[in-house]
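Trainee: What shape does this take:
(chains A and B)
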Amino acid sequence: MKVIEAHDLTKRFGNFTAVDAITFEVVKGEIFGFLGANGAGKTTAMRMLCGLSKPTSGIGKVAGFDIQKDPEKIKKNIGYMSQKFALYEDLKVWENLRLFGGIYGVPAKEINQRIDSLLQTLGFTTEKNTMVKSLPLGWKQKLAFSAAIFHEPKIVFLDEPTGGVDPAARRQFWELIYDAADRGITVFVTTHYMDEAEYCDRVSIMVDGRIDALDSPTNLKEKYKVQSMDEVFFQLARGAKAKE
Amino acid sequence: MLRYLIEKEFKQIKRNVFIPRLIFIMPLFAMIIFPYAANFDVKNIDLSIIDHDKSSYSQALIQKVQSSGYFRISNVSGTYDEAMKSIEADESDVILEIPLHFERDLIKKQKADLMVSANAVNGNKGGLGSAYLANIIADYNNEVRVKLMHNVNMVSIPAMELVPLYRYNPTLKYEVFMVPALLVMILAMITGFLPALNIVGEKQSGTIEQMNVTPVKKWTFILSKLIPYWVIGYVVVSIAMGIALFYWNLKPSGSLLTIYLFASLFIVAFSGFGLVISNYATTVQQAILMMFFFMLTFIFLSGLYTPVENMPGWAQLISNISPLKYIMQVFRLVYLKGSSFNELHKQFFALISFAIVFYTWAILSYRKTG
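Mentor: Next comes the predicted model:
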């Protein structure tokens, strides 16, 4: 079952084409890696799929709804974690979770239970009453992810969720992603860490606004006859430079 | 949904280091200090006197001027040039020149000239100063005439005296007039500026993005931003009215219910306006500058300092778009005249229209999708 479909999806800012007619599909339960260099158009594409930005042309469907016509219906079915930490720094850990739980319509009785069990799973119970601004970055990211899937959405969009933290913290974060995928949540994740790409079921690689490759990591490595995703990426990125 | 959002706004306001203090300190400060500053009585006019006559009559006149309470004699000069120098040095505002033979002319010819010249750099002070002085001289003139008439046993000439009766502010105290209006001004400052900084603040911190990706309804989101300022507005009005009562000894002649009803409408209108600004601004600085511009415009067109009727026709027309004008009229009328709701229909419809327009505009200008 397809949960995300994009067909010739395009976004232009004046003369600059940030996303250039991309076409792809994501099926239910997948961990889909959306790869590309800085400025390749990953974030713009993701913002269009989340209903935060209107496409210039092309068709996009998320959870069965059209991104042009029904962005608000899409929003009921997705979770989103932006590149920049966007929870309220002046609210406590539990208050942030309660706020977003409430907005997505999680029943009042259930909110408190979910907060407690979530914090327990994360080993974070002691920080329940901590003001978010005083958390270290790695923990902020875990909290932002937990808030994004607190209402058990069908799909979660993660925009460079592990930027700026150490490999151990990134590893822990990916365990959370796997847990969510096991529960049936489709994960759409952008990254420019190629080791993370290896964790995905399928990846697309964006270069200059276009999708230049799309397959499972294993198939891609075979196709380009290399050992790692790093090298796949380098070959594609070199292509981009040659054209300039 | 709304409940969670309002809860969040209140928590954020409570934890802000600045806002809770502002809500209490600003009305306190403004209601006690501003009325002294917004005082239109001109006092302490510096007067330079040139007395060429040095007679008992000229001395009596000077005495009278001095005892009026409006003037301070800054210097007594020998010549007009000297007096002019003191004006140039900004030591005097008005010159009174008493000519030689003032007394003799007054008695013999029943006519004498005095010269008053005023420094009109501060037009208000110069104008009022010479007017006060003219009044005192006219008064003195009457006294002299009465005295002379007695002396020569002339038939007395009937004189008319006007005794005005000032309704609603019998002693013409400026604070009775200014305090209700300043109360409105402080309410406008707080319920206008705080929302103007709110949404744009979320834009700058990035939290608005997390909000925009939720299915939250636009009207719910805007309402959750509006309700806290409603509560804050009530607190501000209540504190300010308390100071008016205990410090200035002023209480509304009309009903409190009327005051709070109109305050409610005004707060929705003005906070709505603040949110509109916040929606259009991309940085906090932009929002502050825009709000500052509109605040000044609205205040000057509100009739706080100068009656709207004194403005040229086109300015009066523009003043209709200042919500401050209507709420200021309401507060002055209810405080001074005790007007009831029935006499305030015009203001009611104006304010309720502003409330609807600005709230709707705030919803429409809030964009969840860029």
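Trainee: give me the number of residues near B:M295?
Mentor: Here the count is done by other CB atoms under 10 Å in any protein chain shown, and B:M295 has 20 residues near it. Glycine gets a C-beta too; all of them are placed from N, C-alpha and C.
Trainee: Please apply the same query to B:F29.
Mentor: Neighbours around B:F29, by other CB under 10 Å: 12.
Trainee: in which helix or strand would I find it?
Mentor: helix B:19-37 (DSSP states H and E).
Trainee: Now do the nearest residue to B:T214 once chain neighbours are set aside, the pLDDT please.
Mentor: Once flanking residues are discounted, B:T214 sits nearest to A:I103: 4.8 Å by CB to CB, 6 or more residues apart in numbering or on different chains. Listed pLDDT for A:I103 reads 96.
Trainee: A:I103 and B:L5 touch, don't they?
Mentor: Yes - if you go by CB atoms under 8 Å, A:I103 and B:L5 touch, sitting 7.1 Å apart.
Trainee: Name the residues contacting each of these two.
Mentor: B:V216 (CB atoms under 8 Å, 6 or more residues apart in numbering or on different chains).
Trainee: could you check the distance from B:A134 over to B:A118?
Mentor: Distance from B:A134 to B:A118, counting by CB to CB, to the nearest Å: 10 Å.
Trainee: just B:T191 next, same as before
Mentor: Plainly put, B:T191 is 42 Å away from B:A118 if you go by CB to CB.
Trainee: more neighbours, these two?
Mentor: B:T191 (28 against 23).
Trainee: list the buried ones in the one helix or strand the more buried one maps to?
Mentor: In the assignment (DSSP H and E), B:T191 maps to helix B:174-205. Using 16 or more other CB atoms under 10 Å in any protein chain shown as the test for burial, helix B:174-205 gives B:175-205.
Trainee: before we move on, what about stretch B:100-117?
Mentor: Result for stretch B:100-117 [16+ other CB under 10 Å]: buried residues B:F102, B:E103, B:D105, B:L106, B:A112, B:L114, B:S117.
Trainee: can you pull the contacts of the first one?
Mentor: With contacts defined as CB under 8 Å, 6+ apart, the neighbours of B:F102 are B:H52, B:D53, B:S55, B:Y57, B:S58, B:A112, B:L114.
Trainee: same thing but at 7 Å, please
Mentor: Contact analysis of B:F102 by CB atoms under 7 Å, 6 or more residues apart in numbering or on different chains lists B:D53, B:S55, B:Y57, B:S58, B:A112.
Trainee: what two of those are the furthest from one another?
Mentor: B:S55 and B:A112 (10.6 Å; CB to CB).
Trainee: B:A244 touches B:I259, doesn't it?
Mentor: No - the criterion here is CB atoms under 7 Å, and B:A244 misses it with B:I259 at 11.0 Å.
Trainee: For chain A, what lies in contact range of chain B?
Mentor: Neighbours of chain B within chain A, by CB under 7 Å from any CB of the partner chain: A:50-54, A:71-72, A:75-76, A:80, A:82, A:84, A:86-88, A:90-91, A:95, A:98-100, A:102-105.
Trainee: Just the buried ones out of the residues you listed, please.
Mentor: Buried among these by 16+ other CB under 10 Å: A:50-53, A:71-72, A:75-76, A:80, A:82, A:86-88, A:90-91, A:95, A:98-100, A:102-104.
Trainee: can you tell me which of these are in helices?
Mentor: Using DSSP state H, A:P71, A:E72, A:K75, A:K76, A:E95, A:R98, A:L99, A:F100, A:G102, A:I103 are the members of these that sit in helices.
Trainee: Please name the residues that touch the last one.
Mentor: What it means is A:I103. By CB under 7 Å, 6+ apart, A:I103 lies in contact with B:M1, B:Y4, B:T214, B:V216.
Trainee: how close does it get to B:G206?
Mentor: 17 Å.
Trainee: By proximity to chain A, which residue of chain B wins?
Mentor: B:Y4 (3.1 Å; CB to the nearest CB).
Trainee: For that residue, which non-adjacent residue is closest in space?
Mentor: A:G102 (3.1 Å).
Trainee: if I pick that neighbour, what's in contact with it?
Mentor: Shown in contact with A:G102 (CB under 7 Å, 6+ apart): A:I111, B:M1, B:Y4.
Trainee: Lowest-confidence one in those residues?
Mentor: B:M1 (86).
Trainee: Tell me where the model's unsure across the chain.
Mentor: Because you didn't say which chain, this covers chain A. Where chain A drops to pLDDT under 70, the residues are A:239-244.
Trainee: To clarify, I was referring to chain B.
Mentor: Scanning chain B for pLDDT under 70 picks out B:150-161, B:172.
Trainee: the helices in it, which residues?
Mentor: B:2-15, B:19-37, B:56-67, B:80-88, B:102-108, B:123-152, B:174-205, B:207-212, B:218-246, B:256-280, B:284-300, B:313-319, B:323-332, B:345-365.
Trainee: Next: chain A.
Mentor: Secondary structure of chain A by DSSP H: the helices cover A:42-49, A:71-77, A:93-103, A:108-122, A:137-148, A:167-182, A:194-197, A:217-224, A:229-243.
Trainee: Out of these, the one nearest A:N15 is which?
Mentor: Ranking the helices of chain A by proximity to A:N15 (CB to CB) places helix A:42-49 first, at 15.1 Å.
Trainee: Who is the residue nearest the centre of chain A paired with across the strands?
Mentor: Closest residue to the average C-alpha location of chain A: A:L158 at 1.9 Å, with CA atoms, centre = their mean. With DSSP bridges as the criterion, A:L158 is bridged to A:M81, A:V189.
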